[in-house]
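Trainee: Curious how this folds, go ahead:
(2 chains)
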There are 2 protein chains.
Amino acid sequence: MQNKTLRKLWQQWQPGEPRDSRIAAELPPAPVNLQKFDPAAKPFSANKGKQHDKDTAAQLATELDGLQNIFYADRSFKLLVILQGMDAAGKDGTLRGVFGQMTPLGVRTVGWKAPTEVEKAHDYLWRIHQQMPGAGEVVVFNRSQYEDVLVPVVNGFITPEQQVQRYAQINDFERMLSETGTIVLKFMLHISKDEQRQRLQERLDDPCKHWKFDENDLKVRAQWDDYQQAYEQLLAATHTPWAPWTIVPADSKTHRNLMIATMLREVLGNLDLKYPPGAPAMDKIKVK
Amino acid sequence: MQNKTLRKLWQQWQPGEPRDSRIAAELPPAPVNLQKFDPAAKPFSANKGKQHDKDTAAQLATELDGLQNIFYADRSFKLLVILQGMDAAGKDGTLRGVFGQMTPLGVRTVGWKAPTEVEKAHDYLWRIHQQMPGAGEVVVFNRSQYEDVLVPVVNGFITPEQQVQRYAQINDFERMLSETGTIVLKFMLHISKDEQRQRLQERLDDPCKHWKFDENDLKVRAQWDDYQQAYEQLLAATHTPWAPWTIVPADSKTHRNLMIATMLREVLGNLDLKYPPGAPAMDKIKVK
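Mentor: Numbering: from 1, shown residues only, chains lettered A, B, ... in the order given. Okay, here's the model as predicted:
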């Protein structure tokens, strides 16, 4: 994705192109083996030490603030960033480290919890659609519609047929979003089982982090392999040209922020964003 | 549709079935010629005079109230009824005549107007999705997402490619709704140009109906043929097994109500709706 602009990707999928995603989702998914992705890898590092990467990430966050400002003024696009990952994978930390410098005016975060009774009475995309960004807006999801092909899959609440149906529904939904001007970027924060153990233990050892600990986290950790498999399946089935997944090695928090911020700058920087021109005679107005 | 239950139709489109609607929408649509549908036809009439049909329609409206009550208690389905038609085609009259006996608790109507600034900043299905029925709920749309493939098409605000793209997006959206338990019924109230002239004239002649008259109605009437063509195209492109269209001859108000009420009773009556059973020991409880 790094060598193509998102605008190009997006334009590729204007009308006239074959629309086969929904059908592709029904074929046996292309295999994704998460074990082949090293959670400790640092492909975006300059290899000049941790402090160097940290400084670069901080600088990028400031750059992203500027880009968000033009994005907001330009109003040609909407940006949806989805963060997914196991517990303690660093979703909150990414919000702070990558999006923390942007003004709250143009960026909004949504943390998804278990659905309410009213939400459960509707289709699972109903509450998701409501939180979509408007023109010029950036919305970041902490968890997302992908929870609906994780928890129910691992616990057998839905059949394999329903699972595949949901992949197709999500692909259709995201295609519509893309066709109507929303850039959809999906990041899977990939940590090792041992890194998770350390982070959960920290939450238990540090009284200031107790609020972050949930007993349910240990139950989910016990299902680690099942969740990894569910992730592998959804990554294969919902990686589309209009809403691509990126697997982010996330054992290093610094590298995780560096990588996501770099990719976001790449995407926003290639959109040819412009401040809208004023009225033609505006530069002749004298304020008296 | 009359000889199949909607439940069957709905089940037909469970996972595993080929999903080709989106692609079908791109092929040259099957021709629909509205001139072949007589707006004055009365296929659902008992041919025992107008009063007889009127009485039957009123009786059906009462039956529908009872069915809605079980529908609400059963909570297995959601029902979306879409009413479309030219100005003065009888959308308001259908709401009153067919749905007027149902309790407001379980039926909700939404009248769609031109989008607000906030709505325009989102995709055109954003505001539509928000108004979907929840489990056990009946929602009736007076106009709908189909306005987005009428006004912009007739006035050239979107390209033919965008028009076809929207058909596909709407088909995908309605399929997802159907797959997640929403029954989608779409009625096109088909009146003649002369019947519209008489009804609009009534609004001008009767001071009590002046509030219903909008100068814009005359502009739209001048584009009658273009709108009929846009309707023919959308009917062909978005008539799907999971969200079928019915063209309702609507010059006779009585027959219009009779036909829609009959079809609704057919659909609801074939859903095998049941009041949920109480807890097993409930019948042994003595209130003291």
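Trainee: Can you get me a residue count around the nearest residue to A:Gln145 once chain neighbours are set aside?
Mentor: Distance criterion C-beta to C-beta, 6 or more residues apart in numbering or on different chains; nearest residue to A:Gln145, sequence neighbours excluded, is A:Ile128 at 4.9 Å. In this view, the C-beta of every residue, glycine as well, is placed from N, C-alpha and C. When neighbours are defined as other C-beta atoms under 10 Å in any protein chain shown, A:Ile128 has 20 of them.
Trainee: tell me the contacts of A:Ile128?
Mentor: Counting by C-beta atoms under 8 Å, 6 or more residues apart in numbering or on different chains, A:Ile128 touches A:Ser144, A:Gln145, A:Phe173.
Trainee: my guess is the second one meets A:Leu125, correct?
Mentor: Spelled out, it's A:Gln145. Yes: look at A:Gln145 against A:Leu125 with C-beta atoms under 8 Å: they come within range, at 6.2 Å.
Trainee: who touches both of those two?
Mentor: With C-beta under 8 Å, 6+ apart as the test, A:Gln145 and A:Leu125 both reach A:Ile170, A:Phe173.
Trainee: In the stretch 151-288 of chain A, mark out all the helices, start to finish.
Mentor: A:151-154, A:160-179, A:193-205, A:215-222, A:224-237, A:253-269 (DSSP state H, counting those that start in this stretch).
Trainee: closest one to B:Lys288 among those?
Mentor: With C-beta to C-beta, the closest approach to B:Lys288 among the helices of the stretch 151-288 of chain A belongs to helix A:215-222: 40.2 Å.
Trainee: list the buried ones in that closest one?
Mentor: Buried residues in helix A:215-222, counted by 16 or more other C-beta atoms under 10 Å in any protein chain shown: A:Asp217, A:Val220, A:Arg221.
Trainee: Closest to chain B out of the residues you listed?
Mentor: Nearest to chain B among the buried residues of helix A:215-222 is A:Val220, at 25.4 Å by C-beta to the nearest C-beta.
Trainee: Phi and psi next, for the closest residue to A:Val107 other than its chain neighbours.
Mentor: Using C-beta to C-beta, 6+ apart and skipping the chain neighbours, the partner closest in space to A:Val107 is A:Val138 (4.4 Å). Backbone torsions for A:Val138, taken as degrees, to the nearest 10, come to phi -110, psi 120.
Trainee: isn't A:Val138 right up against A:Leu105?
Mentor: No: the pair A:Val138 / A:Leu105 is not scored as a contact, 10.2 Å apart, by C-beta under 8 Å.
Trainee: So which of those two has more stuff around it?
Mentor: Higher neighbour count among A:Val138 and A:Leu105: A:Val138, with 24 against 10, using other C-beta under 10 Å.
Trainee: give me the element the residue nearest to A:Gln145 is part of.
Mentor: Using DSSP states H and E, A:Ile128 sits within helix A:126-130.
Trainee: got it, and A:Ala135?
Mentor: Following DSSP H and E, there is no helix or strand that holds A:Ala135.
Trainee: OK, contacts around it?
Mentor: With contacts defined as C-beta under 8 Å, 6+ apart, A:Ala135 is in contact with A:Arg75, A:Ser76, A:Phe77, A:Lys78, A:Gly181, B:Ala121, B:His122.
Trainee: In the stretch 51-200 of chain A, mark out all the strands, start to finish.
Mentor: Using DSSP state E, counting those that start in this stretch, the strands of the stretch 51-200 of chain A run over A:78-85, A:107-111, A:138-142, A:182-190.
Trainee: can you put the ones you listed in JSON lines and add mean pLDDT?
Mentor: Shown next, in JSON lines, are the strands of the stretch 51-200 of chain A (pLDDT from 0 to 100):
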{"stretch": "strand A:78-85", "mean pLDDT": "98"}
{"stretch": "strand A:107-111", "mean pLDDT": "94"}
{"stretch": "strand A:138-142", "mean pLDDT": "97"}
{"stretch": "strand A:182-190", "mean pLDDT": "96"}
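Trainee: is it possible to export these to a markdown table including distance to A:Lys54?
Mentor: A markdown table is the format used below for those (distance: least, C-beta to C-beta, whole Å):
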| stretch | distance to A:Lys54 |
| --- | --- |
| strand A:78-85 | 20 |
| strand A:107-111 | 22 |
| strand A:138-142 | 21 |
| strand A:182-190 | 18 |
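Trainee: so which of the ones you listed gets nearest A:Ala57?
Mentor: strand A:182-190 (14.6 Å).
Trainee: so does the closest one get close to chain B?
Mentor: Yes: Strand A:182-190 lies within reach of chain B by C-beta under 8 Å from any C-beta of the partner chain, at A:Thr182.
Trainee: that older thread, so which of the strands of the stretch 51-200 of chain A gets nearest A:Gln35?
Mentor: The closest of the strands of the stretch 51-200 of chain A to A:Gln35 is strand A:182-190. By C-beta to C-beta, the value is 10.4 Å.
Trainee: biggest helix in chain A by residues?
Mentor: Longest helix in chain A by number of residues (criterion: DSSP state H): helix A:50-74.
Trainee: buried stuff in that one?
Mentor: Here helix A:50-74 shows A:53-54, A:56-58, A:60-61, A:63-65, A:67-69, A:71-72, A:74 as buried, counting by 16+ other C-beta under 10 Å.
Trainee: ok, of these, which one's closest to chain B?
Mentor: A:Tyr72 (11.6 Å).
Trainee: Give me the pLDDT for the closest one.
Mentor: With respect to pLDDT, A:Tyr72 scores 94.
Trainee: cool, and A:Glu26?
Mentor: Here the pLDDT value assigned to A:Glu26 is 42.
Trainee: what does A:Asp214 give?
Mentor: 84.
Trainee: What are the neighbouring residues in contact with it?
Mentor: By C-beta under 8 Å, 6+ apart, the contact set of A:Asp214 is A:Asp87.
Trainee: Tell me how far the residue lying closest to A:Ala46 once chain neighbours are set aside lies from A:Gly93.
Mentor: Distance criterion C-beta to C-beta, 6+ apart; nearest residue to A:Ala46, sequence neighbours excluded, is A:His52 at 5.6 Å. Computed with C-beta to C-beta, to the nearest Å, the distance linking A:His52 and A:Gly93 is 19 Å.
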